[in-house]
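**Q** test case, fold it:
(2 chains)
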Amino acid sequence: MKPTRITFAIVALSASLLAAACSGSTTANNSTSTGNGTGTSAREGGSTDKASHKQGGSLTIANTQGQTWTCQFNPFNPAVNPVSLGFVYEPLVYVNLLQDQKETPMLASSYQWSADKTSIVFTMRQNVKWNDGQPFTADDVAYTFDTMKRVPATDLYSLWTGAGLRSVTAAGDKVTMTFDQAAGPYFFNFANQVGIVPKHIFSTGPAAAHPDTWDDRAPVGTGPYKVDPCSANNIQYVANPDYWQPGKPYLAKIQYPAYLDNGPANLDLGSGKAQWGSQFIPNIKALYLNKSKDNHTWSPPVTNVAIVPNLDPSHAATSKLPVRQAITLALDRQKIALIGEGGQQPVANQTGVVVPTFQKYYDQAAVAAAGYDKPNPDKAKSLMSGLGYSESNPLKLTIITITGYTDWDASLAVVKQQLKPIGIDLTVSDLAQQTFDDRLYNGNFDLAYYGQAGGPTPYYELRQMLYSKNSAPIGKPASFNYERYLNKDVDALFDKYPTADDAGQVDIIKQVGAAMMRDVPIIPTTESVNWFQYNTEDIAGWPTEADPYAQPAAFNVPDVEQVLLHVYSKSAQN
Amino acid sequence: MPYLLRRLGFFLLTLWAALTLNFFIPRFMPGSPLQALRDRTHNKLSPAALEQMLTSYGFKPNENVLVQYVDYLKNMVTGQWGISIGATLGEPVTRIVRQALPWTLGLVGVTTVLAFLLGSLIGTVAGWRRGGRLDSLLPPAFVVTSALPYFWVGLLLILVFSVWTGGVLPSDFNYDSGMQPAFTPAFVFSVASHALLPAATILITSIGGWILTMRNNMITTLAEDYVRMGRAKGLSDRRIMTAYAARNAMLPNLAGFAMSLGFVIAGAILVEYVFNYPGLGYLLYNAVQNTDYPLMQALFMLFTVAVLVAVLVCDIAIAILDPRSRERDRSGR
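**A** The predicted structure is shown next:
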């Protein structure tokens, strides 16, 4: 998950075995903004399958952290919540973005929206206990959300400020949340991403005084695992015997060693010492898949990696539509994915809708009609010659990218090659992460190579990138709309989305996709994936392409819990 | 005494200057802790909440720089080093340092002492038997190895002893992650085997310097009258080599040794980086990567103080061992 470490000399010495490389293209799920979440969830009971396996066995996760563990587990601390949410703390409802927002009730057994979606009533699950024996109640939920109001640092998804949350009240086994506006798109954040904390712990002592900075070294949660013990080098989780889903989790122990670099993590994955991988493995065939017949990989795409052109008029070349059209037409994305990403990332398309993950929002016919279904270097060439550029008299452009993202460098080398014949001379400028951020946020670039975080539908990523309120004048930091795309019609589409029904939302995304093709505000190249490698020698029950019951990478919260509730040890079944 | 007082004054002045630089230089770096945190959380969390969180951890970018500076000086002196706002967000800096310090002291400290002792021994013997087999073999060989960049040596060792042997010797980390720290033979063995390659790297690249200087000092010392006197008295070769020649030849090296002990605490950043060894050097690398001001400040201060103390001790030792240094001072020059 950690972006990358430059492995300069290692590559020269032993390109095959040690090269860590990697990329920022590891993907984060989910976003700050907004999304869907309609209807009621009726299904009572546990997760998708019944407890049907014997308990026992253990699993080791290899997910590069780049540092040793601090052994803090406060779910409000974003630096440590990937090791506490899903393991120890649980959300109200799990929303799976890989299965069209399929919901699995967790701490809330059901919920009901009001008709205008400005309020929602959750019904709490009965007979759930915190792992210290105290009963879980609706008060705990209300307290969790009230803490976010009281201490804004804990409101990581801006629920009280951005989403318009007005009140959270508990009565009996019901929790009612009211909003200033239709809050459907925020369901993903408040129901799925917020871990519920115990009031009896968080309302006393240092936890109450500073819920944002409290270290929480012995976390008390409702989740399937408990921490026992944690050291700087390894977190060991043991099954919570009183977990509310009887018979689960199946695995008795989970080991989560702190890997400082991709190299050793990938070596352990190849040898089978670790069974659950979540980072880029270069040359995966030789280094992982061929090492054992039990080694598998499946990395589903969730967001785009894109060329971000600066649309501000002060950037004469990139603010011209024909230039951007020429670039997107000239790109042979298959080659970029194959050479730059070693074939481990799928190709993106000009609508910005990630397929196949969000297939139902993708308008294949419209893409074909616009001529964006295949590369068209001839048309690109004529567009550029219309502006007076040719291979002998090229337009000079610089693209900024992040030092150490070696796969992006490789991709950009391919892009450069493909743009040369149409009359664009591309210079790739590698910048240190923070210098890059600075220039990206403030609009100090012609072209930038970047990938955004996404959400359970394409709406989240597209709105981040294209909504005018996410922009800012050149020289001021923009929140997400770095290309500075300002289009009232597209804004209106995004504004309509929260109140639209399911079909309406699909239609809105298709219209946004049409705007993406018309105005080319962003030029997607490849699709960023959830890196996932898994070993089936002893462990079964993994998420697969055929059964994508959760985002598979171990850094996804709270998806990691769904995986933990499904996997079991084959040897423990005898 | 005036000599020592002057050295002490110099010590304090240097310390203040270094602390001041340690405060300002990190703040001139591009980026900010907030930006680093946004990157680490993939820009999916509310920047406002993250900024608030950093503020609760003691990050006050909007406060007057002078006020921050004075607070910083006070905190450095009183040992209130604050809370990490980088990758280890929320962890007290003292705790982080306490965790990493033993590993650096163990690895770099032991190898530095070992390199000095071994180097001096080889240098002594080589100088004693000038032109002998040992002298024509080891010093030239180690002059070459000490010229090699040590991260490169580290990578080479990993390739040969870890990759090619299928992982017989571990190439990263301080001990097997599956273990809990305890004084059991298995754990001690694990620590030792993980330390072997990084220790060898440091040893190979640093021993050459000691050998060469020791050998050359030996040769000059052997020409001294008191050595000839010893021979004339019919003392054994061994006695002359160790008690007469080596003892005096080592004196200039001691100063250098004291200095290198001061640098131990800074760790061998590149070695720790290559071997992912979680010592202070690795910590510094991470702190810089994530613009973790409190951690950076504490580490820089430790490094500075360690070197300054080593220099001070060295000054004192020289004052005691070498009367000439005191004499010169008294004369007022």
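
**Q** spell out the secondary structure type for B:Val97.
**A** Recorded secondary structure, B:Val97: helix (DSSP: H, G, I helix; E, B strand; the rest coil).

**Q** ok, now B:Val188?
**A** For B:Val188, the assignment made with three-state DSSP gives helix.

**Q** isn't there a strand covering A:Tyr237?
**A** Yes - per three-state DSSP, A:Tyr237 lies within a strand segment.

**Q** quick check: it vs chain B, distance?
**A** 14 Å (Cβ to the nearest Cβ, to the nearest Å). In this view, the C-beta of every residue, glycine as well, is placed from N, C-alpha and C.

**Q** list the contacts for that residue?
**A** The contact partners of A:Tyr237, taken as Cβ atoms under 8 Å, 6 or more residues apart in numbering or on different chains, are A:87-88, A:225-228, A:253-256.

**Q** give me the buried entries from these.
**A** When those are checked for burial by 16 or more other Cβ atoms under 10 Å in any protein chain shown, the buried set is A:87-88, A:225-227, A:253-256.

**Q** okay, those residues in JSON lines with secondary structure next?
**A** Below are these laid out as JSON lines (three-state DSSP):
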{"residue": "A:Phe87", "secondary structure": "coil"}
{"residue": "A:Val88", "secondary structure": "coil"}
{"residue": "A:Tyr225", "secondary structure": "strand"}
{"residue": "A:Lys226", "secondary structure": "strand"}
{"residue": "A:Val227", "secondary structure": "strand"}
{"residue": "A:Lys253", "secondary structure": "strand"}
{"residue": "A:Ile254", "secondary structure": "strand"}
{"residue": "A:Gln255", "secondary structure": "strand"}
{"residue": "A:Tyr256", "secondary structure": "strand"}
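
**Q** not counting its neighbours along the chain, what's nearest the residue in the stretch 451-574 of chain A that chain B sits nearest to?
**A** Going by Cβ to the nearest Cβ, chain B is nearest to A:Ala453 of the stretch 451-574 of chain A, at 4.0 Å. Excluding the flanking residues, the one nearest A:Ala453 by Cβ to Cβ, 6 or more residues apart in numbering or on different chains is B:Lys44, at 4.0 Å.

**Q** how far away is A:Phe187 from A:Phe179?
**A** To A:Phe179, A:Phe187 is 11 Å away according to Cβ to Cβ, to the nearest Å.

**Q** out of the two, which sits in the busier spot?
**A** More crowded of A:Phe187 and A:Phe179, by other Cβ atoms under 10 Å in any protein chain shown: A:Phe187, with 26 against 21.

**Q** wasn't the more buried one part of a helix?
**A** Yes - under three-state DSSP, A:Phe187 sits within a helix.

**Q** that one contacts A:Pro91, doesn't it?
**A** No - look at A:Phe187 against A:Pro91 with Cβ atoms under 8 Å: they stay out of range, at 11.0 Å.

**Q** give me every residue in the stretch 451-574 of chain A lying close to chain B.
**A** Within the stretch 451-574 of chain A, the positions near chain B by Cβ under 8 Å from any Cβ of the partner chain are A:452-453, A:479-480.

**Q** ok, now with 10 Å
**A** A:451-455, A:460, A:464, A:477, A:479-480, A:555 (Cβ under 10 Å from any Cβ of the partner chain).

**Q** in JSON lines, list the buried ones among the contacts of A:Tyr237 along with distance to chain B.
**A** Listed next are these as JSON lines, based on distance: Cβ to the nearest Cβ, whole Å:
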{"residue": "A:Phe87", "distance to chain B": "17"}
{"residue": "A:Val88", "distance to chain B": "16"}
{"residue": "A:Tyr225", "distance to chain B": "17"}
{"residue": "A:Lys226", "distance to chain B": "16"}
{"residue": "A:Val227", "distance to chain B": "13"}
{"residue": "A:Lys253", "distance to chain B": "11"}
{"residue": "A:Ile254", "distance to chain B": "12"}
{"residue": "A:Gln255", "distance to chain B": "7"}
{"residue": "A:Tyr256", "distance to chain B": "9"}
